[in-house]
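*Asks:* no sequence on this one, just coordinates:
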């Protein structure tokens with residue numbers, strides 16, 4: 001009794017057209033909204049990732065500047081902090097969390113540096129070098145004249161503590177998944 005009107009061919013066509021006219025715009029709207037929302041979420045996540053990378057980069061740069069200033073301070077009193085002889089030295093108490101090893105060389109030529117790197121250090125600048133064959137992954141070292149502008153003062157070589165440089169939450173770097 002309730003489905004009597006669907007027995008005719010015309011009634012079925014009218015019902016089909018009615019359902020198609022109702023579902024077609026809803027389906028098209030769904031696809032359109034899905035694409036727009038996906039694009040907005042992608043843009044938003046890229047902006048957040050860019051901001052997080054910028055903040056992290058600036059924090060690392062700040063830590064490097066702080067370490068450079070600290071090495072400059074130690075260099076001003078190179079014989080007190082490192083002893084008079086070049087070579088391995090105990091890490092001063094103030095550098096313990098930042099540096100895993102502090103050493104001194106008599107001149108840049110004792111280190112395996114290029115001519116350009118030696119000139120850079122000789123000009124009183126600080127050099128940041130990477131040691132790709134370190135035991136636990138690449139190691140960063142900061143190299144500078146003990147006393148800027150005084151080539152006789154020797155060279156300070158500080159092995160930077162990765163936990164200090166990359167921050168306490170550096171473990172997330174290994175867990176990051178990149179997707180297209």
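*Replies:* Sure, I can see it. Everything numeric in this text was worked out from a predicted model, so none of it was measured. Residues are numbered from 1 along each chain as shown.

*Asks:* CA only for contacts and neighbour counts going forward, please
*Replies:* Noted.

*Asks:* For residue 60, which non-adjacent residue is closest in space?
*Replies:* Excluding its sequence neighbours, the residue lying closest to residue 60 (C-alpha to C-alpha, 6 or more residues apart in numbering) is residue 165, at 6.0 Å.

*Asks:* pretty sure the one you found contacts residue 62?
*Replies:* No. Counting by C-alpha atoms under 8 Å, residue 165 does not reach residue 62; the two are 9.4 Å apart.

*Asks:* Quick check: next helix or strand after the lowest-mean-pLDDT helix or strand in the chain?
*Replies:* Ranking every helix and strand in the chain by mean pLDDT, DSSP states H and E puts strand 87-89 at the bottom, with a mean of 46. Following strand 87-89 in sequence order, the next helix or strand is strand 99-105 (DSSP states H and E).

*Asks:* What strands line up against that following strand, and which way round?
*Replies:* Strand 99-105 has the following strand partners under DSSP bridges: strand 87-89 (antiparallel), strand 150-160 (antiparallel).

*Asks:* quick one: what helix or strand has residue 17 in it?
*Replies:* Counting by DSSP H and E, the element that carries residue 17 is helix 9-76.

*Asks:* so how many other residues sit close to the residue nearest to residue 60?
*Replies:* Residue 165: 20 surrounding residues under other C-alpha atoms under 10 Å.

*Asks:* residue contacts, it?
*Replies:* Applying C-alpha atoms under 8 Å, 6 or more residues apart in numbering, we find residue 165 in contact with 60, 63, 64, 98.

*Asks:* and which of those is nearest residue 140?
*Replies:* Distance to residue 140, by C-alpha to C-alpha, is smallest for residue 64 among the contacts of residue 165, at 10.6 Å.
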